[in-house]
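# quick one: sequence plus predicted model below, questions after.
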Amino acid sequence: MKKNIAIIMGGYSSEYEISLKSGNVVYDTLDPSKYTPYRIHIFKDKWVYVDANNVEFPIDKNDFSVTVNNAKITFDCVFNAIHGSPGEDGFMQGYFKLLNIPHTSCGMYQASLTFNKRDCLSVLKPYGIKTAESFYVNLGDAINEDEIINKVGLPCFVKANKAGSSFGISKVYKKEDLLKAIDVAFKEDDEIIIESFLDGTEVSVGVITYKGKTKVLPITEIVSNNDFFDYKAKYLGESQEITPARLTKEQERKVNQVAKQVYDVLKMTGFSRSEFIFKDGDPHLLEVNSVPGLTRESILPQQAACAGISLSALFDNAIEEALNKKS
């Protein structure tokens, strides 16, 4: 019997348009002989099922069901394609845990932790995971530019702590540009992280649970046409994404080992994509994404293809892993 799959997409953050693209790729790709997919748009003002004619039906949040033509539809599994809040920060994971509905992403704690760059890096450092030098600022804090620059140096990166897809990020070369960059980051989040610039090869490493085991996918090298891997570079084609990455065997071994260690230490499940920059021959972790992009241009699907895993097989495996996961 075919499984009803709710593909949640949209969300409450600046990433909602990318999420809609990811969700629609999943919707178009799932095997129709095994699954009946439903597009579920999650927005602050509405949770709705959107049918093939773009007619909307409200979701009953009490049990995450929908009624269509007087027939109540429930879901066997949720495919999470929401980048940012509430799909990548633990809220939807907690909701589905309470309802005992399987979902394709990691657990609530893992989602919340990896979404918070500062907390995630702090948890991983005792395990020997190398990171950039960093400085934390919260909205309302007194800002001492000299103190920040003394800690992280110039140039440096100013980032929103809980945002993805390169929203709210600036590269700062001069002290007089620091406050403006901080203001940009505060438009995305009330916490920011300021990091030292790491001058080296940037790579993205997908790690997934595949057929019951942790699998590191082929590594992608990021070569931005812009000053860094910003939104335009990531989504508007202003970068080269080279898979497999042009690394030495030793570099490849090191980053594979660290990426798997991060996934296992955090007890991740489902998809993940970690970003690293090599400095002095060692990979330094920038961040972990628990709901990476799934558009046809996105990095993780490119990596899966390089590993001989089709989009259909990738998505099918995610659903099977979720259905087989012990609650």
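That came through, no problem.
# who touches the helix or strand hosting Val48?
Take DSSP states H and E as the rule and Val48 turns out to sit in strand 46-50. Under the contact criterion C-beta atoms under 8 Å, 6 or more residues apart in numbering, strand 46-50 has outside partners 38-41, 56-59, 61, 66, 68, 73. In short, each C-beta sits where N, CA and C put it, glycine included.
# and whichever strand or helix holds Lys21, what other elements does it pack with?
With elements taken from DSSP H and E, the one containing Lys21 is helix 16-29. Helices and strands touching helix 16-29, as assessed by 3 or more C-beta pairs under 8 Å, 6 or more residues apart in numbering; DSSP states H and E, comprise strand 3-10, strand 35-43, helix 311-324.
# which residues of the protein fall in helices?
Secondary structure of the chain, counting by DSSP state H: helices at 16-29, 91-99, 108-115, 117-124, 145-152, 178-186, 231-235, 249-265, 299-306, 311-324.
# now for these, which one comes closest to Val207?
helix 249-265 (4.3 Å; C-beta to C-beta).
# coming back round to it: how about JSON lines for the helices of the chain, with mean pLDDT, distance to Ser196 and mean neighbour count added?
As requested, the helices of the chain are arranged in JSON lines below (pLDDT from 0 to 100; distance: least, C-beta to C-beta, whole Å; neighbours: other C-beta atoms under 10 Å):
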{"stretch": "helix 16-29", "mean pLDDT": "96", "distance to Ser196": "28", "mean neighbour count": "21"}
{"stretch": "helix 91-99", "mean pLDDT": "98", "distance to Ser196": "32", "mean neighbour count": "18"}
{"stretch": "helix 108-115", "mean pLDDT": "97", "distance to Ser196": "21", "mean neighbour count": "22"}
{"stretch": "helix 117-124", "mean pLDDT": "95", "distance to Ser196": "13", "mean neighbour count": "19"}
{"stretch": "helix 145-152", "mean pLDDT": "97", "distance to Ser196": "4", "mean neighbour count": "14"}
{"stretch": "helix 178-186", "mean pLDDT": "95", "distance to Ser196": "13", "mean neighbour count": "18"}
{"stretch": "helix 231-235", "mean pLDDT": "49", "distance to Ser196": "20", "mean neighbour count": "18"}
{"stretch": "helix 249-265", "mean pLDDT": "98", "distance to Ser196": "19", "mean neighbour count": "17"}
{"stretch": "helix 299-306", "mean pLDDT": "96", "distance to Ser196": "24", "mean neighbour count": "22"}
{"stretch": "helix 311-324", "mean pLDDT": "97", "distance to Ser196": "35", "mean neighbour count": "18"}
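# now those in JSON lines, with distance to Val78?
Output for the helices of the chain, formatted as JSON lines (distance: least, C-beta to C-beta, whole Å):
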{"stretch": "helix 16-29", "distance to Val78": "11"}
{"stretch": "helix 91-99", "distance to Val78": "6"}
{"stretch": "helix 108-115", "distance to Val78": "13"}
{"stretch": "helix 117-124", "distance to Val78": "24"}
{"stretch": "helix 145-152", "distance to Val78": "40"}
{"stretch": "helix 178-186", "distance to Val78": "31"}
{"stretch": "helix 231-235", "distance to Val78": "25"}
{"stretch": "helix 249-265", "distance to Val78": "21"}
{"stretch": "helix 299-306", "distance to Val78": "19"}
{"stretch": "helix 311-324", "distance to Val78": "8"}
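# ok, which of the ones you listed comes nearest Phe167?
When the helices of the chain are compared (using C-beta to C-beta), the closest one is helix 231-235, at 6.7 Å.
# mind checking pLDDT for the spatially most distant residue from the centre of the chain?
Distance from the C-alpha centroid of the chain peaks at Asn70, with 36.8 Å (C-alpha atoms, centre = their mean). On pLDDT, Asn70 comes in at 96.
# where does pLDDT dip in the stretch 101-250 of the chain?
In the prediction, the stretch 101-250 of the chain carries residues with pLDDT under 70 at positions 164-166, 226-238.
# ok, which stretches of it are strands?
134-138, 156-160, 170-172, 191-196, 202-210, 213-216, 220-224, 239-242 (DSSP state E, counting those that start in this stretch).
# before we move on, the earlier item: distance to Asp264 added to the helices and strands packed on helix 16-29, as CSV?
Shown next, in CSV, are the helices and strands packed on helix 16-29 (distance: least, C-beta to C-beta, whole Å):
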stretch, distance to Asp264
strand 3-10, 26
strand 35-43, 29
helix 311-324, 15
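# tell me which of these approaches Ala259 most closely.
helix 311-324 (17.5 Å).
# quick one: the closest one to helix 299-306, angle?
110 degrees (axes from the mean of the first three to the mean of the last three C-alpha atoms, to 10 degrees).
# which other helices and strands contact helix 311-324?
Counting by 3+ C-beta pairs under 8 Å, 6+ apart, helix 311-324 packs on strand 3-10, helix 16-29, strand 77-80, strand 202-210, helix 299-306.
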